[in-house]
Structure formats: structure tokens, C-alpha cells
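**Student:** I would like to see how this sequence folds:
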Amino acid sequence: MSDHKEESGAGTSPPPRTIEQWTSMLQNLRRGKYADCTIQSVDRTYRVHKALFCSQSSVFEAALDGPFKEAQTGVLNLPEDHPQALEALIDYIYLGDYDASSLIPTEPDRNQSQEQEQQTVDHAFDHAGFVLPFAPTMADLEQVPLHAEVFILADKYDLRSLCGFASEKILALIAKNRDHIVDENFLQIIPLLYTHEAFKDEEELRKEVVKALSWAPLANDPERVRDVLAEVPELALDLVLSLQKSPFPQNVVQEALERHRSQVRNHIRCNCGHRIALGYSKLAGKEISFACRRCGQNLRDFSHTLR
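**Tutor:** This is a model prediction of the structure:
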């Protein structure tokens, strides 16, 4: 009879939780449901769960489950930590991810940033007589310093997986925006990469920054680049060594030759009569908006293309 009961019990076991159910549960916990601990940043208060934080960080474990007052009061004051990086850390502990774009403070006036972004586009395509908005958004570039701050905070609290996660985010943004490595958002993290204790073992990050700077249009902001080189002499040495090892990589030459061979020479004619010379290959077949520099009219397709 006991065997029969065991079989019946096995047959009535609940089904495994779905990913959606787990996500919903974690999101509820992230909102502070059933919380038993408080983290106080410089501008926000978070209700969190001691078990989650202590199980993932030896530093939090020592603070919240040791002979300190935080263990008795259940309150952890962290006014010196970067507020957005701390929120990202809390998100990561609960959800295994964080959204940098939602954590960056909104500036009331970004006209200067938008103007710089448009100048980048204008400079790149001015010779052709039209504007192709391909430059990365400022919001995309502004994530770089935050990821660096998240890395530093993760190192402080011994969250190695978050260190790796933030490092991958920075590497991805460098790869995506190599032509814009001279942007202030990239330049301001370089001293951290070379001087902050948290980054002492991050050779790959430094290597990728040096590689990008080796081919970047430094003339866009030469004074700022000089300031960074003066602040970080090791960077200047790494740049020199990088250029000596590979003064002109063969793959760069090959890619340039392939682009040249594959170009198709075309003209686009605006309704105002202005003709625009255009060399393109990979742009064909994509929805791209051009603007005539004479009259400002948008040319949304290739219907006026002349061979």
C-alpha cells in the first residue's frame, strides 16, 4: 500500500515553473515584496532580501550577517557609491541584467550633444552633397561611463560575474563605435582603465581601447586626447608599441580594396534639379533617407537614380 501511495504522490507533483513565472517572481522581489533589509544610497532607498545579497557577495554577507550594526538594524548605508551603478548592481542581483539606458539621468538641455552628433554626420558625407544619419546616438555612448562605474562597484562588493558582465558591455560598445572612440564618454574611462585598482587585470579592455585609438580620427578633439595622454603616460606607450607592431594592418588594406572594387557609381537627382554623386554598394536595397543640401527636400528612395 505504501508503494501505491508513493506512486500516487509522484504523479501529483506540480509542473516545473516557466521562465515567465520565475521572472515575475524575481520582479516582485525586486520591488521589495517580503524584503527584510534596506539599502540606502545617496538619493534612494531600496528594500531588498538579505539571503539574495549574502549568497552572491562575500562583502554583503560580512556586513549583513556578521558582528556589525548593519546585521542588527538591517540597514546598509552606501552614500559614497555611484547611485546609478548601485541601482544597476541591485537589478543584476535580482534579474541577472541591468538596463543602462534607463539608469542614465536625463539632461534638460542636450542641444550641444545633438549638434555634435549632426556635425559628425555632416562631416562624413559632406563631399557627397547629402546627409546619411549613421552616427551612434549620444544615449548609446553615454552608457560607457556607467558600465565602468558598475564594474568598479561590482569589484568592491566581490561580484565577479557582474564585473565580467559590465566588461562585456564596454567591449561591445567599443566594437560598435570604434570611429567614435575619441568621444568624451570613452575618453573619461581611460584613466580608470589604467589607474583604478578594479581594472588592474583587465588587459583585454585596455588592448581594445588602444587598438581603437590607433585608428581613430584624433584630429576631432586633439587637445582632449593630449590631456588624456598626459594624464595616462602608460597609454601613450601602449599606443606607440601598438603602431610599431602593426603600422598598417593587412586586413585594413584588404577591406579598403574590397570596398573600392564593389562600389557602384550613381547619381541622385532632386526635384529642384540638383544632382548628387553617390558611390554606394551596401546601401542598395535599404530604406535610407537623404536630404538635398540645396533645397532640403527629403529623398526617400532611389526613384530618381540615374546610371
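
**Student:** which other helices and strands does the longest helix seen in the chain contact?
**Tutor:** In the chain, assigned by DSSP state H, the helix with the most residues is helix 160-176. If contacts are counted by 3 or more Cβ pairs under 8 Å, 6 or more residues apart in numbering; DSSP states H and E, helix 160-176 sits against helix 83-95, helix 138-141, helix 143-156, helix 203-214. Bear in mind the C-beta positions are built from the backbone N, C-alpha and C, glycine included.

**Student:** next structured bit after it?
**Tutor:** Where DSSP states H and E defines the elements, the next helix or strand beyond helix 160-176 is helix 184-187.

**Student:** so what touches that next one?
**Tutor:** 141-145, 174, 177, 180, 209, 212, 221, 224-225, 228 (Cβ atoms under 8 Å, 6 or more residues apart in numbering).

**Student:** for the record, mean pLDDT for the longest helix of the chain?
**Tutor:** In this model, helix 160-176 has a mean pLDDT of 94.

**Student:** swap in stretch 58-68?
**Tutor:** 91.

**Student:** any idea which element residue 21 lies in?
**Tutor:** Residue-wise, residue 21 maps onto helix 19-30 under DSSP H and E.

**Student:** and whatever helix or strand comes next after that helix, average pLDDT?
**Tutor:** Downstream of helix 19-30, the first helix or strand assigned by DSSP H and E is strand 37-40. The average pLDDT for strand 37-40 rounds to 94.

**Student:** then stretch 90-104?
**Tutor:** Stretch 90-104 comes out at a mean pLDDT of 92.

**Student:** what comes into contact with it?
**Tutor:** So stretch 90-104 is in contact with 23, 26-27, 29-30, 39, 46, 48, 52-53, 56-57, 84, 87-89, 139, 142-143, 146-147, 150, 154, 159, 162, 165, 169, going by Cβ under 8 Å, 6+ apart.

**Student:** buried set for that stretch?
**Tutor:** Within stretch 90-104, the residues that count as buried by 16 or more other Cβ atoms under 10 Å are 90-94, 98, 100, 103.

**Student:** stretch 186-205 now?
**Tutor:** For stretch 186-205, using 16+ other Cβ under 10 Å, the buried residues are 186-187, 189-190, 192-194, 198-199, 202, 205.

**Student:** one more: stretch 229-246?
**Tutor:** 229, 232, 235, 238-239, 242.

**Student:** brilliant, that's me finished.
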